[in-house]
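[1] Requesting a structural model of the entry that follows:
(chains A and B)
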Amino acid sequence: MEETNMDDCEHNRESEVAPALIAVHPTQKSVAVAVGSNLRVFNLQEGCSVSLVDNSGVHMHKDSIRAIQYGAEGKLFVSAGDDKLVKIWVTDSWRCISSVSSEKRVTAVAISNDGRFVSFADKFGVIYAVEIEGSHENQSVPNKKAVPILAHYCSIITSLEFSPDGRYIISADRDFKIRVSVFPEKPSDGAHEIQSFCLGHSEFVSCLAFICNQDSQQWYLLSGGGDSTVRLWDFTCGSLLDTCHVGETGLLQSKEGIDDRLLAVTDLCATPWGSLIAVAIQSLAGVMLLSCNLSAKSLHVARVVPIPGETFIPTSLAAASSSNQLWMVMGASTLCTSHSAPLACVKVLNGFCESNQDSVEHEARVLEDKDLPGSEQLLQTLQGSSFIEKDALSAAAEAVKTAMCNLLIKKQYPSENREFRKRGRNDKRVDKKK
Amino acid sequence: MGENHTHNKKTGLPRKRFYRARAHSNPLSDSHFPIPISPCEVDYSLHYPEVVKVDPCKRIEFADVGCGFGGLLIALAPLFPDNLMIGMELRDKVTEYVKERILGLRTTNSGQYQNISVVRTNSMKYIPNYFEKGQLKKMFFLFPDPHFKEKNHRRRVISPFLLDEYAYVLAVGGIIYTITDVEELGEWMKSCLEEHPMFEALTSEELEADQVVKLLSAATEEGQKVARNGGQTFRAVFRRIVTH
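    Numbers count the residues shown, from 1 in each chain, chains lettered A, B, ... in the order given. Model (predicted):
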């Protein structure tokens, strides 16, 4: 009995490790990294670090940040996580204009395209919306209460997005589900109308992204998950258009004996027309690039861009639609080793743009630290130091992987074990009496 | 089947005492039984082998959520011979019992009971894995677990958020039937449905005209138990409507 208790403790501690996150302003004015409870922002226009101003009357984040996002126009930014606080920032002055409290830990956030609502999801599958009034004026808004608008039944929400046309709010969960709900005019009345479910993943869904058909202007959804697949959906009807198995490409064969569980897709980032889709995979030191042909509705692997010399396995990806750079971060909130400070390492891939599809294969390359925009200072701000030890990186990779498995993969008990656990039940006793 | 000691020798039906189960099951715990990835993976030939031979495109139209020992399904089967129905039950032994009961009835009544079946599942989590949008015409929630404590209200099978999913799988005009012998729960189910923008109550004339309404308490094991004890029942029957 005691042994199992100890086991549980171990699991709890490990699942507390939060991966580092990255987000880029839509026109690449700034870049934000969240690691542990730290939110670090670098102003790319002026090449300097940003100091955050918090007038909301509530403290800064006190526990791991689990989700960050810029609004579509880049005026707003939200951060939220394990401390049950959703902080809304204006990006011109980097002031926190509102801190909304949640009853439970927050796992995902999104800002509606018109910038009027912030939506967030908690660990029990409930999704809330809160209206941001006066966000464009330079004044703080009262810390409002959020209203629940929809729920996945007791499942961790892993990703939350507004569709680019603003009509739907899309939520993905640990129970293999993607729900597309009509975002109502008055969110306080709830988002009752379900447009579709996108069902096809056979493990947790971890990330969502949108791409647009340049000719028809129709938007499509991409999703990645623990089943090592990236899937393409027509989300208005929930139909699965194509599936790309990242583990079966032959490009990841270099490491022997990798089982599928280690190839969970952890993040996705696509160019707007979908000609390049960057995929972060749990055991891949680098990024995989997929290409999507929307007229043929097919997804295929373009290539793998390795990151040489280091164990750099990105935990989060981001790109601004206006630039050709893919931002990657790897890191973890806490590590078991002597490093007490949270660790984050930032890399940039150049040549992440539409035209790069077939022609100039070699152009997509990872920048040297010294070639980064803002170079030394950028790394100082976002990483906390300009140099990161190799050992710390591999420890972070391991910690993030274990945490993700514990959080999102269902525990499998062997059937004998399950029977043993039921031994004291009344319905079992009947069998014995006869 | 005859030599099976858990079955009645004369009727070939399973004997309930060999399928005794706990009255409650935790809907929040992780499931370890197989679940179809999507509605197109539900194996109809397994559930309705005879029907599939004739019409392979036929879909399930009635769902009895938390079907218990299957009394309602068995009463409905001859009344709606052209509609496929499924019972959904979380407790494994109870599901097993209903499965055996249906197989037994199919053997002794040739050609009948081919339109009903049962599946072990957690319908609070996996309803959209079984049914497409607007597929169902009727959904039944009969004598559900009351979950009295306020902290357990989120375990109730009728709740504001789950109604969104039921509205999704029900066709416009489809009907949701609920009944309970617990007054507090009856009030709760009624108010959840009243406040939901995609449901409206049936009028008393409509209730009178619907032959299924009478079966809610008469056909189910729980309903008969309540009647034996002279208890009261509380019912809420609502129609899925178009949203504005």
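
[2] Contacts only, for the nearest residue to A:Ala34 once chain neighbours are set aside.
    Of all residues not flanking A:Ala34 in the chain, A:Ile65 sits nearest, at 3.9 Å (CB to CB, 6 or more residues apart in numbering or on different chains). Bear in mind the C-beta positions are built from the backbone N, C-alpha and C, glycine included. For A:Ile65, the contact set (CB atoms under 8 Å, 6 or more residues apart in numbering or on different chains) comprises A:Ala18, A:Leu21, A:Ala34, A:Val35, A:Gly36, A:Ser37, A:Asn38, A:Leu39, A:Ser79, A:Ala80, A:Gly81, A:Asp82.

[3] hey, where'd the helices end up in chain B?
    Listed in chain order, the helices of chain B (DSSP state H) span B:44-47, B:49-54, B:71-79, B:92-108, B:123-130, B:160-169, B:183-195, B:204-209, B:211-218, B:221-228.

[4] Would you mind putting those into a markdown table with mean neighbour count, distance to B:Ile176 and mean pLDDT alongside?
    A markdown table is the format used below for the helices of chain B (neighbours: other CB atoms under 10 Å in any protein chain shown; distance: least, CB to CB, whole Å; pLDDT from 0 to 100):
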| stretch | mean neighbour count | distance to B:Ile176 | mean pLDDT |
| --- | --- | --- | --- |
| helix B:44-47 | 15 | 22 | 94 |
| helix B:49-54 | 13 | 24 | 94 |
| helix B:71-79 | 20 | 14 | 95 |
| helix B:92-108 | 20 | 21 | 92 |
| helix B:123-130 | 22 | 12 | 94 |
| helix B:160-169 | 22 | 6 | 96 |
| helix B:183-195 | 17 | 7 | 95 |
| helix B:204-209 | 10 | 13 | 95 |
| helix B:211-218 | 16 | 12 | 91 |
| helix B:221-228 | 15 | 17 | 85 |
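
[5] Figure out which of those helices is closest to B:Lys16.
    The closest of the helices of chain B to B:Lys16 is helix B:92-108. By CB to CB, the value is 6.7 Å.

[6] residues making contact with that closest one?
    Applying CB under 8 Å, 6+ apart, the external contacts of helix B:92-108 come out as A:427, B:1, B:6-7, B:11-14, B:16, B:19-21, B:33, B:67-70, B:73-74, B:87, B:89, B:112-114, B:116-120.

[7] From those, list just the buried residues.
    Among those, the ones that count as buried by 16 or more other CB atoms under 10 Å in any protein chain shown are A:427, B:7, B:12-14, B:19, B:21, B:67-70, B:73-74, B:87, B:89, B:113-114, B:116-120.

[8] Kindly state the beta-bridge partners for the nearest residue to B:Leu76 once chain neighbours are set aside.
    Of all residues not flanking B:Leu76 in the chain, B:Met85 sits nearest, at 6.0 Å (CB to CB, 6+ apart). Beta-bridge pairing for B:Met85 (DSSP bridges): B:Phe62, B:Ile116.

[9] Report how many residues lie close to B:Met85.
    26 (other CB atoms under 10 Å in any protein chain shown).

[10] Report the contact partners of it.
    Applying CB under 8 Å, 6+ apart, one finds that B:Met85 lies in contact with B:Ile60, B:Glu61, B:Phe62, B:Ala63, B:Asp64, B:Leu73, B:Leu76, B:Ala77, B:Asn115, B:Ile116, B:Ser117.

[11] Of all the helices of chain B, which one is nearest A:Val58?
    Here helix B:160-169 is closest among the helices of chain B (CB to CB), at 28.2 Å.

[12] hey, C-alpha coordinates of the closest one in CSV?
    Extracted in CSV, the C-alpha atoms of helix B:160-169 (Å, rounded to 0.1, in the frame of the first residue of the first chain):
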residue,chain,number,x,y,z
PRO,B,160,-26.5,21.8,-18.9
PHE,B,161,-23.2,21.0,-20.7
LEU,B,162,-24.1,17.4,-21.6
LEU,B,163,-27.4,18.6,-23.1
ASP,B,164,-25.3,20.4,-25.8
GLU,B,165,-24.1,16.9,-26.9
TYR,B,166,-27.5,15.4,-26.7
ALA,B,167,-28.9,18.3,-28.8
TYR,B,168,-26.1,17.5,-31.3
VAL,B,169,-26.9,13.8,-31.8
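
[13] Just the ones in strands from the buried ones among the contacts of helix B:92-108, please.
    B:Gly87, B:Glu89, B:Ile116, B:Ser117, B:Val118, B:Val119, B:Arg120 (DSSP state E).

[14] contacting residues for the first one?
    Contact criterion CB under 8 Å, 6+ apart gives B:Ala63, B:Asp64, B:Cys67, B:Gly70, B:Leu72, B:Leu73, B:Val98, B:Ile116, B:Ser117, B:Val118, B:Val119 as the residues in contact with B:Gly87.
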